[in-house]
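1. build me a model:
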Amino acid sequence: MMNAAQTGVTTFATPTDLDVVMRRVVDAPRRIAFEAWTNPKHIPHWMLGPPGWTMPVCEVDLRPGGAWRFVWRKEDGSEMAMSGTYREVVVPERVVTLEKWGPEWPETVNTVLFTEAGGKTTITLTVSYPTKAARDAALATGMKDGMDPSFARFDELLAKLQ
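-> The predicted structure is shown next:
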């Protein structure tokens, strides 16, 4: 059940040995939240992790079988890339992707659900890893430290889009 106290707070859970579930209630209708999450003109404004990063490359082919690729650049010039393919796209309800961070990380299956109630949208992102060790290694990277500021920027973007 959503309530105002939950809006703007990201929760993290590990319900299985393979999954990380992140949930956030945003103050926007589902169609706007979905648009901000999936449109390459919006993604570089919010999906940046901690301060000091930009996203000079944001390629999105939002359809089953379509590819996507993001490249982040830190103030010192170092870069980090992530890419994958879309398995399922159900506008404005669900997106399922395969995601790859690079040769040192295994591929994950990411499922994002958008559910609306009372003009607010709950975004539930489940990242499924092939092993518990891979999941635990990802959690140890500071995943939460990067997601929280990204979601805060996402909230700001949603306010502008309404």
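2. how near is the residue lying closest to residue 33 once chain neighbours are set aside to residue 15?
-> The shortest distance from residue 33 to any residue other than its chain neighbours is 4.3 Å, reached at residue 121 (Cβ to Cβ, 6 or more residues apart in numbering). Every C-beta, even on glycine, is put in place using the N, C-alpha and C of the backbone. Between residue 121 and residue 15 the distance, using Cβ to Cβ, to the nearest Å, works out to 21 Å.
3. which one's more surrounded, the two?
-> residue 121 (26 against 9; other Cβ atoms under 10 Å).
4. wait, doesn't the more buried one sit right on residue 115?
-> Yes - counting by Cβ atoms under 8 Å, residue 121 does reach residue 115; the two are 6.8 Å apart.
5. okay, and the common contacts of these two?
-> Common neighbours of residue 121 and residue 115 (criterion: Cβ atoms under 8 Å, 6 or more residues apart in numbering): residue 30.
6. so where do the strands sit in the protein?
-> 10-13, 19-26, 53-60, 67-74, 79-90, 94-100, 108-117, 120-128 (DSSP state E).
7. buried set for the shortest one?
-> Read that as strand 10-13. Residues of strand 10-13 classed as buried under the neighbour-count rule (16 or more other Cβ atoms under 10 Å) are residue 10.
8. same thing with stretch 124-134?
-> Judged by neighbour count (16+ other Cβ under 10 Å), stretch 124-134 contains these buried residues: 124, 125, 126, 127, 128, 129.
9. now swap in stretch 151-162 and tell me
-> The neighbour-count check on stretch 151-162 (16+ other Cβ under 10 Å) flags 151, 154, 155, 157, 158 as buried.
10. then stretch 109-124?
-> Of all the residues in stretch 109-124, those buried under the rule 16+ other Cβ under 10 Å are 109, 110, 111, 112, 113, 114, 116, 120, 121, 122, 123, 124.
11. and residue 7, what are its bridge partners?
-> In this structure, residue 7 has the following beta-bridge partners (DSSP bridges): residue 25.
12. that one reaches residue 27, doesn't it?
-> Yes - under the criterion of Cβ under 8 Å, residue 7 is in contact with residue 27, at a separation of 5.5 Å.
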